[in-house]
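Student: quick one, what's the 3D model for this:
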Amino acid sequence: MGIGGSEIFIILLFALMFFGADKIPEVAKGLGKAMREFKKASDDIKSEINNSIVDVKTEMNDIKSDISRTTEEISRKT
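Tutor: Below is the predicted model of the structure:
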């Protein structure tokens, strides 16, 4: 599945023919910017999911402690 040297050479040759030598740096700059934006967006999504998981775990612990407290109160009354 890896790309060898000859495949990269052919891709670069087609890019040179399609875009021209003066446009390739602009295309590479735009591609790099798009990749950075995509990585930033995916990192933001991961962070949001992790924060949500922490919030859910905190809520679950609160619910468990409420249930335990209520169970103890009921046990004491009987």
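
Student: for Glu73, list the residues it contacts.
Tutor: Counting by C-beta atoms under 8 Å, 6 or more residues apart in numbering, Glu73 makes contact with nothing. C-beta: built from backbone N, CA, C; applies to glycine.

Student: now the strand or helix carrying it: mean pLDDT?
Tutor: Under the criterion of DSSP states H and E, Glu73 resides in helix 24-77. Over the span of helix 24-77, the pLDDT mean works out to 94.

Student: and Gly2, helix, strand or coil?
Tutor: Under DSSP: H, G, I helix; E, B strand; the rest coil, Gly2 falls in the coil class.

Student: may I have the predicted confidence score for it?
Tutor: For Gly2, the model assigns a pLDDT of 77.

Student: ok, it - how many residues close by?
Tutor: 4 (other C-beta atoms under 10 Å).

Student: now do it against Phe14, distance only.
Tutor: In this view, Gly2 and Phe14 are 19 Å apart by C-beta to C-beta, to the nearest Å.

Student: ok, now Glu37?
Tutor: 25 Å.

Student: now Asp62
Tutor: With C-beta to C-beta as the criterion, Asp62 and Phe14 are 59 Å apart.

Student: over to Phe38?
Tutor: Separation of Phe38 from Phe14 (C-beta to C-beta) stands at 24 Å.

Student: likewise for Ser68?
Tutor: Applying C-beta to C-beta, the value for Ser68 to Phe14 is 67 Å.

Student: for Ser75, same thing?
Tutor: Look at Ser75 and Phe14: by C-beta to C-beta, they are 77 Å apart.
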